[in-house]
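# Model the following, please.
(chains A, B, C and D)
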2 protein chains.
Amino acid sequence: MDSGVKKPGVTSSQVAEHAGVSQSAVSRTFTPGASISSKTRQKVLASAKTLGYRPNAIARSLITNRSRIIAVVMAYLENLFYPDVLEELGRALAAENYHLLLFTGFMDRDSDPVFDQLMQYRVDGIILASTSLSSELSEECATAGIPVVLFNRTTGRDAVSSVTTRNREGGKRIAEFLVAGGHKSFGYIAGLENSSTNRDRFQGYSEGLAAHGHTSIAVETGNYSRIDAQDAARRMFARPNRPDALFVANDHMAVAVMDVARYEFGLQIPDDISIVGYDDVGPATWTSYGITSMSQPVKRMVEATVDILMDQIASGEIEAEHRILNGELIVRTSARLPATGIVVRDGQQIYRPKEA
Amino acid sequence: MDSGVKKPGVTSSQVAEHAGVSQSAVSRTFTPGASISSKTRQKVLASAKTLGYRPNAIARSLITNRSRIIAVVMAYLENLFYPDVLEELGRALAAENYHLLLFTGFMDRDSDPVFDQLMQYRVDGIILASTSLSSELSEECATAGIPVVLFNRTTGRDAVSSVTTRNREGGKRIAEFLVAGGHKSFGYIAGLENSSTNRDRFQGYSEGLAAHGHTSIAVETGNYSRIDAQDAARRMFARPNRPDALFVANDHMAVAVMDVARYEFGLQIPDDISIVGYDDVGPATWTSYGITSMSQPVKRMVEATVDILMDQIASGEIEAEHRILNGELIVRTSARLPATGIVVRDGQQIYRPKEA
DNA sequence: TACAAATTTGCATACGTATGCAAGATGATT
DNA sequence: AATCATCTTGCATACGTATGCAAATTTGTA
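Reported below is the predicted structural model:
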């Protein structure tokens, strides 16, 4: 039964009075690197403890023009890859004493309200980890002078920083792997059609196949969504000339595709059809699926992202920077094995054809 | 190649000057319900648009003592139930014009730093959706006068609000379902041992079984973690008297348990063993698993949570409130079916024994 | 038209902190 | 002991907005 009023909150002035020093002294006590003698510092800390004082981050932000808040925009969390990323981001940002303001669940082109919110909170940086978000948003932010990093995505004009993996090379390696496995007909379940990851992966895939004389690819679109992927799979498997090798643009869709293959079409994997995914995340690693998949190194991607942001915040320079990391083709049970090229590293089977 | 300085940011005074009015007028234009004529309002809005002005939420917070930020604390996102909750929370809070500050990835008892951060940002409310978080934290926040809601969790002393489902009744219904299915020996894969959900689910389960004369339950602990659940399953299935009915405390563990059962022990589900889970989330619904599971109505739980917070913020009264919602036992393929009691609602099979 | 009531406006101040500047305290060097 | 360099400290002010109060304006009424 508390009073109906709002919490009062102890201020630095109150601490100052209690400790018999100036408000400045209190401020300096809680400002790393400020000029303060250890004697008064101790006095202040003691008073602060007894009064239960904590610096008001809001007021601090107002004067320093730094909120120590990073906005993270993610269209959806249904794909476990993103929760994974989110958790790592939380860790990495906390380590830098930054905090994470999450925006999610609005995958329409109607990005303006989000942008408004971002601007209103004067966030110090923005991470766009959404494959389906208007790329105007990123430009808008950059124009406003706020560091932006595209996570797992790029835009055509590279005015804004990004962190990605070699999606094209990944698609190519998958093609080589499937060709080496002796497959003859190939399919592709696409992600969001206007996303850079989808474009790059498919480009690499088709280039890789073309290099071995395979120029025809059966394509259906799953939009990186489970439901759409199921429908795409149904169309794919109902084709008269069903492919015997299938690259699904991410693992999230791949598990849905595998369920359709097994339980709706009675297909044996990998005997009747080989399936390869992308991300190496969550269910892909479970025994039921065991998806052969190009990995994306989440931890290193997150490190790079935070690194770029911290750099730009510290320097004030917003020069676009592009970090491109390597993945590996993790070999499991969802696709037929080629005769050679599989090596073991860190207890995992990976595909590494000798490049010559 | 921008200048090295920080973004300037348009202020209300600049807008005021441009529009030929006072700063107060600008403020009132952006304050719903404030006293302002529509004529000056239009002038201000026009100037604001041309200058690209957006109210500074930080400065506003300082004076109103309201940050419009809700802190969400989640220990881990590995279990898809939580990303699901997170996405709904994002939606619900955005609808109320609140924002979501996410804290995650620190499941140690070392909660003090988190608490510090929360306090420093003067968040308007806190949602603790973490099963493994020190319950002291919640009391601390309540003491500080900040509304707190425990999500999917309670503490012994009900000084702090909570939103849960009827876990005990859920456990009981699962017991009845398995007994009605003709099972004779029963097991339980436990969640975190000191969590309220685990305690309540197990209590209901054992009460329900006891009511039919089954007093011995094989228990192993999976700590709501995938890895631990696998180990627990191995121990469980290696027992000489392996149970033929198994209640796994949540779906996240249940899928791991099913994989162990099928691929390490060669068990047929549900012929050799029936498995029932809890949450009705993610993989549980996939064909590969098809877990019979007690549902938790995420959407309604989130609504209740936000509702409680908004009430307490608006009124300033922090009277603990406990919302307890109902779930249903969704029947799929992971457990043997009882002869009666299964009804169809909304296209789903659920178990509803006639209570008499 | 005159006057009261209601509405709108600007002034001034407050929110809680950080920081440049000058004054004061301390220590080092001869 | 005297001079100078180095630290500490407090004062005053600024950050960008909201709001009580009184003055100014508009609206309504007789």
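# May I ask which helix or strand encompasses A:Val163?
Using DSSP states H and E, A:Val163 falls within strand A:161-165.
# Distance-wise, check A:Leu329 relative to A:Val298.
16 Å (Cβ to Cβ, to the nearest Å). The way it works is simple: take the backbone N, C-alpha and C, and place the C-beta from them, glycine included.
# quick one: which of those two has more around it?
Between A:Leu329 and A:Val298, counting by other Cβ atoms under 10 Å in any protein chain shown, A:Leu329 is the more crowded of the two (24 against 19).
# Restrict the helix or strand of chain A with the lowest mean pLDDT to CA atoms and write it as CSV.
Least confident element among the helices and strands of chain A, by mean pLDDT, DSSP states H and E: helix A:135-143 (a mean of 73). Extracted in CSV, the C-alpha atoms of helix A:135-143 (Å, rounded to 0.1, in the frame of the first residue of the first chain):
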residue,chain,number,x,y,z
SER,A,135,16.3,0.3,-47.1
GLU,A,136,15.2,3.9,-47.1
LEU,A,137,15.2,3.7,-43.3
SER,A,138,18.9,3.1,-43.2
GLU,A,139,19.7,6.0,-45.5
GLU,A,140,17.5,8.2,-43.4
CYS,A,141,19.3,7.3,-40.3
ALA,A,142,22.7,7.8,-41.9
THR,A,143,21.6,11.2,-43.1
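# In PDB, could you pull the C-alpha coordinates for stretch A:253-265?
This file holds the C-alpha atoms of stretch A:253-265, laid out as PDB (Å, rounded to 0.1, in the frame of the first residue of the first chain):
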ATOM      1  CA  MET A 253      12.700 -22.900 -44.200                       C
ATOM      2  CA  ALA A 254      14.700 -26.100 -44.600                       C
ATOM      3  CA  VAL A 255      13.200 -27.800 -41.600                       C
ATOM      4  CA  ALA A 256       9.700 -27.000 -42.900                       C
ATOM      5  CA  VAL A 257      10.700 -28.300 -46.400                       C
ATOM      6  CA  MET A 258      12.100 -31.500 -44.800                       C
ATOM      7  CA  ASP A 259       8.800 -32.100 -42.900                       C
ATOM      8  CA  VAL A 260       6.800 -31.700 -46.100                       C
ATOM      9  CA  ALA A 261       9.200 -34.000 -48.000                       C
ATOM     10  CA  ARG A 262       9.000 -36.700 -45.400                       C
ATOM     11  CA  TYR A 263       5.500 -36.600 -44.200                       C
ATOM     12  CA  GLU A 264       3.500 -35.400 -47.100                       C
ATOM     13  CA  PHE A 265       5.500 -36.900 -50.000                       C
END
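# Which residues outside that stretch are in contact with it?
A:189, A:191, A:222, A:224-227, A:229-230, A:232-234, A:236-237, A:246, A:248, A:267-269, A:272-273, A:275-278, A:283-284, A:289, A:291, A:293, A:334, B:286-288 (Cβ atoms under 8 Å, 6 or more residues apart in numbering or on different chains).
# and the closest residue to DNA strand C within the stretch 151-300 of chain A, how many neighbours does it have?
Here the stretch 151-300 of chain A gets closest to DNA strand C at one residue, A:Ser161, 26.0 Å apart by Cβ to the nearest atom of the strand. By other Cβ under 10 Å, 25 other residues sit near A:Ser161.
# so where's chain A shaky on pLDDT?
Within chain A, the stretches with pLDDT under 70 are A:1-8, A:106-112, A:131-136, A:355-356.
# Quick one: name the residues of it near DNA strand D.
Selection of chain A residues close to DNA strand D by Cβ under 7 Å from any atom of the strand yields A:21-25, A:28, A:35-37, A:39-41, A:59, A:62-63, A:65.
# Is it correct that the residue of the stretch 151-300 of chain A closest to DNA strand C is in contact with A:Glu317?
No. Look at A:Ser161 against A:Glu317 with Cβ atoms under 8 Å: they stay out of range, at 11.3 Å.
# Please enumerate the helices of the stretch 1-150 of chain A.
Taking DSSP state H, counting those that start in this stretch to define them, one finds helices in the stretch 1-150 of chain A at A:12-19, A:23-29, A:38-51, A:57-64, A:81-95, A:112-120, A:135-143.
# ok, back up a step: buried residues in the least confident helix or strand of chain A?
Neighbour-count burial for helix A:135-143, counted by 16 or more other Cβ atoms under 10 Å in any protein chain shown, picks out A:Ser135, A:Leu137, A:Ser138, A:Glu140, A:Cys141, A:Ala142.
# among those, which are in reach of DNA strand C?
Within the buried residues of helix A:135-143, nothing lies near DNA strand C by Cβ under 7 Å from any atom of the strand.
# Return the member of these nearest to A:Thr154.
Of all the buried residues of helix A:135-143, A:Thr154 sits closest to A:Ser135, with 9.3 Å by Cβ to Cβ.
# Just checking stretch A:283-291 against chain B, any contact.
Yes. Counting by Cβ under 8 Å from any Cβ of the partner chain, contacts between stretch A:283-291 and chain B involve A:Pro283, A:Trp286, A:Thr287, A:Ser288, A:Tyr289.
# what's next to that stretch, contact-wise?
For stretch A:283-291, contacts defined as Cβ under 8 Å, 6+ apart pick out A:80, A:251, A:254-255, A:258, A:275-277, A:280, A:293, A:332-334, B:255-256, B:258-259, B:262-263, B:283, B:288-289.
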